[in-house]
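In: Here is a sequence with its predicted model. Questions after.
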Amino acid sequence: MDEQERVTVVLNINGQTRVCTVARSERLLDTLRQASCFSVKFGCGSGDCGVCTVLLDGQPVRSCQVRTADVAGHTITTVEALATQDALHPLQRAFIETGAIQCGYCTPAQLLVAKALLDRNPDPTEEEIRQAISGVLCRCTGYVKIVQAIQRAAALLRGEKVGPFGPVTETWLPGHAPAELLGRYYRIAENGSPLPPLVISPPDMQPLRVVGTPQAKVDGVKLATGRPVFADDFNMEGMLYGALLTSPYAHARIKRIDPTKARALPGVHAVLTCQDLPRVKYTSGGQSYPQPLPYDQVSLDNKVRHVGDRVAVVAAETPELAQQALRLIEVEYEVLPHVLDPLEAMKDGAPIIHDEPDTEGIYDAAHNIVHHIEAEGGIPAAEAWAMADHVFEGEYRTSQQQHAHLEPHVCITYWDEDGRLVVRTSTQVPFHVRRILAPLIGLPVKRIRVIKPRIGGGFGNKQEMIIEDLCAHLTIATGRPVRMMYTRYQEFVSSRSRHPQIMRYKIGVTNDMRVVATELRLIGDTGAYGTHGLTVQMVGGQKGLTLYNAPHCKFICDVVYTNKPTPGAFRGYGSTQCHFGIETLMSEIADRMGWDVIEFKRKNWIKPGEEMVMSKALGEGREGFEQVVRSSGLEQCVQVGVEAMRWYEKRGNAEWRRGPGGAKRRGIGMSVMLHGSGIAGLDLGAATIKMNDDGSFNLLVGATDLGTGSDTILAQIAAEVLGVPVEDIIVYSSDTDFTPFDKGAYASSTTYISGGAVYKAALQVAEQIKAHAALMLGLESGEGMLLRDRQVIAPNGTRLTLEQVALSSLHQHHQHQIIASASHMSYECPPPFGAQFVELVVDTETGQVTVERVLMVADAGRVINPITASGQVEGGIQQALGFAHCEEMVYDELGRLLNPRLGPYHVYRANEMPDIQVIFVQTEEPTGPFGAKSIAELPLDGIAPAVADAIHDATGVWIRELPFTPERVWRALHPELAV
Amino acid sequence: MCSANDIWHADATAPIQRITDDPNSPQLLRRLTLETFSWQMRNETSIQKALRSPRTAPRWMAALLALGATVTVEGEATEMAVAHLLERRTQGEVVALHIPTSGMVWGEACVRRTPADDPIVAVVATVALENGVVRQARLALTGVWAEPVRLASAGALLAGRLLDEATIHTIARAVENEVTPQGDFLGSAEYRRAMAAVLTRRALAQCMHFATGE
């Protein structure tokens, strides 16, 4: 059968009869997207992720695995058909209300599977729900709120009444401990699983009107209805399809490259190789100006340094033609010796990965050492180590983890009517992309506009310019719009990942449990290019050493090139790895000294009022600033966690440990953690707020909501100041032409930095409103006026609606636009704190570890939105579990990735997640907007050491290398076996 | 789908979902179908397609091997054991699946990174007993050869023995000695061999407990 033969099929798509002429091999996914059903998403093309799920005759199928020709005459339902003209489907409402939507990329698939489930089973159990949705991966939510949404919708569809969805809130009384409130929480929550979050407030914290409430995401409706909001949901007349040829070799020089045959293929409009582009050096990491050296990349090079490295790009009229053209490019490689192990890479005689003469700023290119960092803080080393009664050391290794965001990197470039290049791209850093891109394509910044639509997850991988330059080059070469999207394989080998690290910690302690000195020797594997190599390791060192803030701290680090795909920014940003090392060694020390692990950590963790010893020595890519911890709820977090887990009943309890019987052993473990809120003295956010005729406001922010809900919490901050509901704040983010600068979404900075800018801008607008109201009311000034309930209220009780003020200011009196822009930068980076607890079962005969329960108690300052914040924690825990437990990029001896698919790589699915609980212990951070700190990255930091601790509790064995795969655990339990 | 003469029959052109929807399908197969295939896959994939792609769902295939499943293949005169499909003895289209449903107890065990991951090694065992003595046994494994395999020799070794701890231990050792796995990133050859023994012991112990009602 000719797979390319065109056949005509009749389909019923969302109740409408469609006649389509398709190739016999065409996937239903492509047919549906061409039919403008943009809710149907591409995630992997291999059936592993399920985000392309549609209903075929009412049953869920993956549209990438179904050929259109095979479903002729059948009925297909996509999310576009779920809502009626007048109302959302109860599932869509429930997804919005419960916060089940983060990035929204998997949402249409989850909704359809849920609909099919409820159609056949109106009252499913939690297990049945998890089983049903297990075929659709979600990388954002940890599935908790998706399950809750389906439960809620099921109840609605059964005609039951449901109350508003929100957290359980408690305030502890003066003189009492927050842990005393747990009994009531568990009683409230005992009617349902999964549990909603619990928010505990200190007695003196005043509740606010909008901030702190569980507002629905401002982008919820468009995501729940599958509207075309992502970068690829966009067709342009004459658009070409770009594709990238990647290296099959780990290290090779391109001796000859001949695109002649590819260029001759009809329908191919451009083939670009290193011979066609100017050699402009850059670094792809999306960071503030100037990005740290070295600039060790060019758009297309004559040398490849890892399997998956860039070789050539093409633009053609169809994706199939583009792929065909790639196969016609003749490349002759001179294969070079390669090195995959950073320790080997540093040796004399190792292959030199960056031998090109035009890269500046490599510390020792001959030994592949891109950076060497030495920093110390506190009292002199000799003095500190002399105080130690015991010195402990441990070496810890972490693996290379892939982000596995479900929307691949995707970008569309085109010339606008003014001859400016528009880059519509799924990026976390639109302003950095514009700045980095300009010299590569020979255009000034003013001729480039970067638009960030909704992003289908990023987690740091889109804090990098991955494909925008290539796509732009193709548009410049062809004059046509060009769309490029990575394949899932390319996501693994040609995008970024988490840096594998080798950490050697040394800790000096006294007999009375005091940590007096800490040293971290770190080797960070940055793969083939530097990008975030310097900053990730510096942040890791800073966080890893600050948690216990010893009187003396020292950090020695080598960042090393290898011939592996390049790591970059990944949620946690070095801190995740370094917490594994420090927290595991601290637990080991307690074990060896016979100390209570919590008491030992409590005695030493950093406390309010303490200066962070390493904050000046270790900034991010440069020297930092002196900083003091101003707020910390860590003590309360641990108290609550201990009580909630019934820690002291279980820890070390032989009977509890034997629980499941046979060869299985239970264990309980914990860790504490801190992170940051932005980058001190560097990150800048800005916001503009403009008042409209009806008293609503446009909020323009350069901050990039990549699914975290940042647009929503920024709207809440503005709404709180302006005395309006969130629905009166219309958020637009981000577009380099229309929104003010923001560094982008990274470093847990959005709430603190961008939120600070919104807060300031809102205050200025509020002042303008008051001033105009004073004019209208004949008062001398707006002093003492309040903004509340869409009104401005004078001290004498007279009131004007905001609409009256707006209409007056725009049309009647002293006409002017009420508008303000504000910027925010901070020399402080207040750490959020947290404690994570894990219960698990170890099968001592097979080494299989099954995590059964995870509790995170977090201090994120004042929580702006408990639903989006708890969603950040739940999703972060899922990623952290993968890091601890199963996710690992594994290579063969030639540097080829052995598991470049989501299936074999394995991301946690809904039907295997442990029970997850989230509790916030609020504090007031004096430097944050309304007392807020960050939350996004913190959940990544403590799971791995807590799992290590729990495995030890179960088995008596410490394992110092991640992930804890069955064989790794089995070998640790059987040390007599040779490796 | 129908059951007759203690044989469960399935139209092989039907989607796999029919197995889970049919309350008469063998319990072991129903359970492993649910665990192995996502709902979407069960709807998209016909039984015949799954039978022809054994690497897609090795544990499901192992269940069929252990259950003694046979298939009717177009152009073939007699029913064939599922193992023959694995050996590529026929290229004909599979039109029906047949599974004996009576007189057997079963057990299965596997090791995997996480509870819903594909198993690294899995063992499925079925045993027919008469007065505690094994009349017939089938043992199928995944993760120890490129494709799922039924270890006929282990089954034969079990026949005629009392199903007790000593026998189970003996069989587990025999399996460990017989398998010749290839290592990969999920598990080395040494690990897989060791797991073959552990999981065989567990699967047979389940059979024993099942039989004795414990």
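Out: On my side now, so go ahead. Keep in mind that this is a model prediction, so the values were computed, not measured.

In: from here on, contacts and neighbour counts on C-alpha atoms
Out: Fine.

In: quick check: domain ranges of the chain?
Out: Assuming you mean chain A. Per the record, chain A has its domains at A:6-81, A:93-163, A:166-207+A:630-675+A:831-979, A:240-336+A:403-493, A:685-824, by automatic domain parsing.

In: Actually, chain B is the one I wanted.
Out: Taken from automatic domain parsing, chain B resolves into B:2-100, B:105-212.

In: Quick check: which ranges of chain B have low pLDDT?
Out: Applying pLDDT under 70 to chain B flags the ranges B:1-5, B:214.

In: Which single residue in it comes nearest to chain A?
Out: For chain B and chain A, the shortest gap (CA to the nearest CA) falls at B:Gln40, measuring 4.3 Å.

In: out of everything not next to it in sequence, what's closest to the residue in chain A positioned nearest to chain B?
Out: Residue nearest to chain B within chain A: A:Val61 (4.3 Å; CA to the nearest CA). Nearest residue to A:Val61, sequence neighbours excluded (CA to CA, 6 or more residues apart in numbering or on different chains): B:Gln40, at 4.3 Å.

In: For A:Met503, name its beta-bridge partners.
Out: A:Tyr396, A:Leu522 (DSSP bridges).

In: what does chain B put close to chain A?
Out: Selection of chain B residues close to chain A by CA under 8 Å from any CA of the partner chain yields B:38-41, B:43-44, B:111-117, B:185-188, B:191, B:195, B:198.

In: Just the buried subset of those, written out for ChimeraX, thanks.
Out: ChimeraX command restricting the residues of chain B next to chain A to the buried ones, with burial defined by 16 or more other CA atoms under 10 Å in any protein chain shown:
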select /B:38,39,40,41,43,44,111,112,113,114,115,116,117,186,187,191,195,198
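
In: Quick one: mark the members of the residues of chain B next to chain A that sit in helices.
Out: With DSSP state H as the criterion, helices contain B:Trp39, B:Gln40, B:Met41, B:Asn43, B:Glu44, B:Tyr191, B:Met195, B:Val198 from among the residues of chain B next to chain A.

In: For the spatially most central residue of chain B, give its distance to B:Val179.
Out: Residue closest to the average C-alpha location in chain B (CA atoms, centre = their mean): B:Ala63, at 2.1 Å. Distance, B:Ala63 to B:Val179, by CA to CA, to the nearest Å: 18 Å.

In: Quick check: phi and psi on the residue sitting furthest away from the middle of chain B?
Out: Of all residues in chain B, B:Gly75 sits farthest from the chain's C-alpha centroid, using CA atoms, centre = their mean; the distance is 25.8 Å. Main-chain torsions, B:Gly75, degrees, to the nearest 10: phi 90, psi -10.

In: give the contact list for it.
Out: Applying CA atoms under 8 Å, 6 or more residues apart in numbering or on different chains to B:Gly75 gives the contacts B:Gly92.

In: ok, now A:Gln872?
Out: With contact set as CA under 8 Å, 6+ apart, A:Gln872 has these partners: A:Cys140, A:Thr141, A:Thr708, A:Ile935, A:Ala936, A:Pro939.

In: same thing but 6 Å
Out: Residues near A:Gln872 by CA atoms under 6 Å, 6 or more residues apart in numbering or on different chains: A:Ala936.

In: Pull up the residues of the stretch 451-600 of chain A that are close to chain B.
Out: Proximity of the stretch 451-600 of chain A to chain B, by CA under 6 Å from any CA of the partner chain, involves no residues.

In: again but with the stretch 101-250 of chain A, I slipped
Out: Near chain B, when you scan the stretch 101-250 of chain A using CA under 6 Å from any CA, you find A:Gly135.

In: Same check on the stretch 851-979 of chain A?
Out: Near chain B, when you scan the stretch 851-979 of chain A using CA under 6 Å from any CA, you find A:Cys886, A:Glu912, A:Thr965.

In: and A:Glu26, what are its phi and psi?
Out: Torsion angles, degrees, to the nearest 10, at A:Glu26: phi -60, psi 140.

In: Name the SS class of A:Arg483, please.
Out: strand (DSSP: H, G, I helix; E, B strand; the rest coil).

In: How many residues are close by B:Leu28?
Out: 19 (other CA atoms under 10 Å in any protein chain shown).

In: CA-only coordinates of the host helix or strand of it in PDB, if you can.
Out: Following DSSP states H and E, one finds B:Leu28 within helix B:27-36. Output of helix B:27-36 as PDB, limited to C-alpha atoms (Å, rounded to 0.1, in the frame of the first residue of the first chain):
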ATOM      1  CA  GLN B  27      -8.700 -12.200  35.800                       C
ATOM      2  CA  LEU B  28      -5.000 -12.300  35.400                       C
ATOM      3  CA  LEU B  29      -5.200 -11.100  31.800                       C
ATOM      4  CA  ARG B  30      -7.700  -8.400  32.700                       C
ATOM      5  CA  ARG B  31      -5.500  -7.100  35.500                       C
ATOM      6  CA  LEU B  32      -2.300  -7.000  33.400                       C
ATOM      7  CA  THR B  33      -4.200  -5.500  30.500                       C
ATOM      8  CA  LEU B  34      -5.200  -2.600  32.800                       C
ATOM      9  CA  GLU B  35      -1.700  -2.300  34.200                       C
ATOM     10  CA  THR B  36       0.100  -2.500  30.800                       C
END
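
In: Over to the residue of chain A closest to chain B. Which of the three states is it?
Out: Secondary structure, three-state DSSP: A:Val61 is strand.

In: The helix or strand bottoming out on mean pLDDT in chain A: how far from the chain's middle?
Out: Least confident helix or strand of chain A, by mean pLDDT, DSSP states H and E, is helix A:182-189 with a mean of 81. Relative to its parent chain, helix A:182-189 has a centroid offset of 31 Å by CA atoms, centre = their mean, to the nearest Å.
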